[in-house]
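1. Kindly generate the corresponding structure for this input.
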Amino acid sequence: MPNIFKAESFISLNTALLISIILVLSYTKWQNYAHQKQQQNHQQLQAMQIAENQLILTTIGQPCEKMVLQNNIHFKIGCFQNEIQVEYPTGEFQLTP
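-> Take a look at the predicted model:
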């Protein structure tokens, strides 16, 4: 029985290893970016809901809250005559009624 093992060159092994590393690092970077965008979108949606709730409170004559804690995230709220402003870690949302 003849041995059918073929030896690979050092350069081809390094090239295959390099391509694999580049693919894994690219995927990891894309995954981190997607997670960050998802987090930003979720926080923005929460800020929009908070601003809507504050608009309802001010419409019925209740005082506006200054700070809200949701999902361990602090949202700073500012209620002005023509605007409700909600600041959160990844951005800011303004609602003009």
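2. in the chain, which spans are helices?
-> Under the criterion DSSP state H, the chain contains helices at 10-59.
3. where in it is pLDDT low?
-> For the chain, residues meeting the criterion pLDDT under 70 lie at 1-7.
4. again, only this time at 90
-> For the chain, the stretches flagged by pLDDT under 90 are 1-16, 81-82, 97.
5. Need the single longest strand in it, by residues.
-> When the chain is parsed with DSSP state E, its longest strand is strand 73-79.
6. Now do that one: distance to the chain's middle.
-> Mean C-alpha position of strand 73-79 versus that of the full chain (CA atoms, centre = their mean, to the nearest Å) differs by 18 Å.
7. Also stretch 82-94?
-> Using CA atoms, centre = their mean, the offset of stretch 82-94 from its chain centre is 16 Å.
8. Need the nearest residue in space to the residue most central in space within the chain, chain neighbours excluded.
-> With distances taken as CA atoms, centre = their mean, Gln39 lies nearest the centre of the chain, 2.3 Å away. Nearest residue to Gln39, sequence neighbours excluded (CB to CB, 6 or more residues apart in numbering): Thr90, at 6.6 Å. No exception for glycine: its C-beta is placed from N, CA and C like everyone else's.
9. follow-up on the earlier one: now the longest strand of the chain and helix 10-59, what's the angle there?
-> Strand 73-79 and helix 10-59 are oriented at 40 degrees to each other (axes from the mean of the first three to the mean of the last three CA atoms, to 10 degrees).
10. doesn't Glu92 make contact with Met48?
-> No - the criterion here is CB atoms under 8 Å, and Met48 misses it with Glu92 at 11.5 Å.
11. joint contacts of these two?
-> Common contacts of Met48 and Glu92 (CB atoms under 8 Å, 6 or more residues apart in numbering): Val86.
12. about what we covered before: was I right about the residue nearest to the centre of the chain contacting Tyr88?
-> No - contact criterion CB under 8 Å: Gln39 and Tyr88 do not qualify, at 10.5 Å.
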